[in-house]
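[1] Take this sequence and fold it.
(one chain, ligands or ions: 1)
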Amino acid sequence: MRILLIGNGAREHVIAKSIIESTKNPELYSFISAKNPGIVRISREFSIGDICNVSKVVSYAIDRRIDFAVVGPEAPLKAGISDELEANGISCIGPGGMAAQLETDKSFARNLMEKYRIEGVPQFGIFDSKRDAVNFIKNFNGDFVIKPAGLTGGKGVKILGEHLKDLNEAKNYIEEIFDECVGSIRKVVIEEKLIGEEFTIQAFVDGKNVIGMPMVQDHKRAYEGDTGPNTGGMGSYSDSGYILPFLRKDDYENGIRIMKKAVDAVKKETGISYKGFLYGQFMATKEGVKVIEFNSRLGDPEAMNVISILQTDFVEICNNIIDGNLKDNIKFDKKATVCKYLVPEGYPDNPKSNSEISIDEREIGKIGGHVYYASVKEENGKILTSSSRAIGVVGIADSIFEAEEIVENSMDFIKGDLFHRGDIGTRGLVQKRIEHMRELRGH
Ligand code: GLY
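    Below is the predicted model:
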């Protein structure tokens, strides 16, 4: 069996590893935009090029007689990679462009939720005119969040009182979104600011069945104490079992129900079955679970938390997605996980790229750490940073705190102009979340 993986971050590295560990002995082919050393060394063959160049990727897949493809990031999905592969008889783990609008156009997702009466929608407005958007915020009762409708790599969402000091800064940001076409769609979604704790549920979807994975919490801010600019995610953790320590089983069940309704609604609205991974980002608030957004892929870093502890054969799951035959029998190790990203100094605003890093994977392995290469490239035997997140380090243990310790100990064996958040997964931070939810829920 020949499997093509599209994408070259740490999320794709963990996917690649789970593919080659399959008992079905598949051959891994990778289409990547930079030479990720972790992916390359386990691929039978790799091709470096633009992963959004649909015709190039599809020709490569046809040429190598690929059985099915797995798409990591959202950009190739938006470009229609899944549609084109399927049109050429190659199955794809990843939805077609219309279904992927759940992520690629935030206005589509909100309109869909409203039209099909899916619960968990915050108050929102969608605007394709600067003037109407500015009028909306002037009259908005309370704090709000401004989201460009298109893709911004997780860095486009700005919150009044956090990233935006006052109404004037909010107005300027709206103008920037329209003038510079931020996210490549001249449209903005403005929503009420949700108060609570964020969590992620990722799921395998076969068009009908939605099989959830353990809950994860990501940390978007660059610096400790959840301060600094937004990033793609600095690190994440999951607990042993499916539920995070500050959340409840019914939060998980509500999240899954919402995701199922979204998959059904996509089918009704577009006629297309959603197949692949679905990522629900939620806020547990005092009024219940609300949807922050959907993504049409696995999360990054959250994929590293869950795929690292997946017991069921990943390739078998992919086959079941393709056949529309997913069952609720997918198993994960009952372990807690912590993932932390090492990022270049200056990230995200002024990252130090092309800087050499060194990693002693053997020593890290000895203490139980796992290394996933992200936006780095291998050149003349050296590993160099780029402008984005560099290395994901994962610890797996009985508790979040033990997993965190493994990650921190692993950091001693990675050298370079990098930094990471020391606080993710520590007792102090987790306790803060527990108290926050207790205060919100009043018990
Ligand atoms: N961790 C955020 C994302 O994958 O979108």
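[2] The closest residue to residue 126 other than its chain neighbours: neighbour count?
    With sequence-adjacent residues excluded and distances taken as C-beta to C-beta, 6 or more residues apart in numbering, residue 126 is closest to residue 107, at 4.5 Å. Every residue, glycine included, has its C-beta placed from N, CA and C. A count of nearby residues for residue 107, using other C-beta atoms under 10 Å, gives 20.
[3] roughly how far apart are residue 107 and the ligand?
    Per C-beta to the nearest ligand atom, to the nearest Å, residue 107 is found 18 Å from the ligand.
[4] How about residues contacting the helix or strand harbouring that residue?
    Of the helices and strands defined by DSSP states H and E, residue 107 is found in helix 106-115. Residues outside helix 106-115 that contact it (C-beta atoms under 8 Å, 6 or more residues apart in numbering) are 101-103, 118, 120-121, 124, 126, 147-150, 185, 187, 189, 191, 262, 265-266, 269, 291, 293-294.
[5] Please give me every residue in contact with the residue of the stretch 51-200 of the chain found nearest the ligand.
    Here the residue of the stretch 51-200 of the chain nearest the ligand is residue 154; by C-beta to the nearest ligand atom that distance is 5.0 Å. Taking C-beta under 8 Å, 6+ apart, we find residue 154 in contact with 220, 230-233.
[6] And the residue nearest in space to the middle of the chain, what's its pLDDT?
    In the chain, the residue lying closest to the centroid (C-alpha atoms, centre = their mean) is residue 299, at 1.9 Å. Residue 299 is assigned a pLDDT of 98 by the prediction.
[7] now the one 3 residues further on
    According to the predicted model, the pLDDT of residue 302 comes to 98.
[8] can you list the residues that contact the helix or strand that contains residue 30?
    Assigned by DSSP H and E, residue 30 belongs to strand 27-32. Contacts with strand 27-32, where a contact means C-beta under 8 Å, 6+ apart, come from 1-8, 12, 16, 19-20, 39-40, 42-49, 51, 57, 60-61, 64, 66.
[9] same check, this time on stretch 9-24
    Identification of contacts with stretch 9-24 by C-beta under 8 Å, 6+ apart yields 1, 3, 5-6, 26, 28, 30, 32, 36, 38-39, 42-43, 70, 72-73, 297-301, 303-304, 307-308, 310, 313-316, 341, 372-375, 389, 391-392.
[10] Tell me the buried residues in it?
    Of all the residues in stretch 9-24, those buried under the rule 16 or more other C-beta atoms under 10 Å are 9-20, 22.
[11] and if you look at stretch 161-179?
    By neighbour count with 16+ other C-beta under 10 Å, stretch 161-179 contains the buried residues 163-164, 170-171, 173-174, 177-178.
[12] returning to what we had before: quickly note the distance from the residue nearest to residue 126 to residue 128.
    Distance, residue 107 to residue 128, by C-beta to C-beta, to the nearest Å: 9 Å.
[13] Common neighbours of those two, please.
    Residues touching both residue 107 and residue 128 by C-beta under 8 Å, 6+ apart: residue 187.
[14] Excluding residues flanking it in the chain, which one is nearest residue 356?
    residue 382 (5.2 Å).
[15] Then residue 43?
    Spatial nearest neighbour of residue 43, chain neighbours left out: residue 30 (4.4 Å); criterion: C-beta to C-beta, 6+ apart.
[16] got the residues of the chain near the ligand?
    Proximity of the chain to the ligand, by C-beta under 6 Å from any ligand atom, involves residues 154, 218, 233, 295, 299-300, 302.
[17] Inside strands: which ones of the residues you listed?
    Among the residues of the chain next to the ligand, DSSP state E puts 218, 295 in strands.
[18] Helices - which of the residues of the chain next to the ligand land there?
    Among these, DSSP state H puts residue 302 in helices.
[19] Could I have the buried ones of the residues of the chain next to the ligand as ChimeraX selection syntax?
    To isolate the buried subset of these in ChimeraX, counting by 16+ other C-beta under 10 Å, use the following:
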select :154,218,233,295,299,300,302
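[20] Closest to residue 435 out of the residues of the chain next to the ligand?
    The nearest member of the residues of the chain next to the ligand to residue 435, counting by C-beta to C-beta, is residue 218 at 19.8 Å.
[21] Hmm, that closest one is touching residue 233, no?
    Yes: the pair residue 218 / residue 233 is scored as a contact, 4.5 Å apart, by C-beta atoms under 8 Å.
[22] Between the two, which contacts overlap?
    Both residue 218 and residue 233 are contacted by 299, 301-302, under the criterion C-beta under 8 Å, 6+ apart.
[23] with those in mind, which one is nearest to the ligand?
    Taking C-beta to the nearest ligand atom as the measure, the ligand lies nearest residue 299 of the shared contacts of residue 218 and residue 233, at 3.6 Å.
[24] in this protein, which ranges drop under the pLDDT threshold?
    In the prediction, the chain carries no residues with pLDDT under 70.
[25] rerun at 90
    Scanning the chain with the threshold set as pLDDT under 90 gives 153-155, 442-443.
[26] Could you pick out the longest helix of it?
    When the chain is scanned for its longest helix (criterion: DSSP H), the result is helix 249-270.
[27] Give me the distance from it to the chain's centre.
    In terms of C-alpha atoms, centre = their mean, to the nearest Å, the centre of helix 249-270 is found 18 Å from the chain centre.
[28] Against which helices or strands is that helix packed?
    The contact analysis (3 or more C-beta pairs under 8 Å, 6 or more residues apart in numbering; DSSP states H and E) places helix 249-270 against helix 101-104, helix 106-115, strand 197-206, strand 210-212, strand 275-285, strand 288-295.
[29] which residues does residue 361 contact?
    Residues in contact with residue 361, defined by C-beta under 8 Å, 6+ apart, are 371, 413.
[30] gap between it and residue 326?
    The gap separating residue 361 from residue 326 is 34 Å, by C-beta to C-beta.
[31] Point me to the residue of the stretch 1-150 of the chain nearest the ligand.
    Taking C-beta to the nearest ligand atom, the stretch 1-150 of the chain has residue 11 as its residue nearest the ligand, at 7.7 Å.
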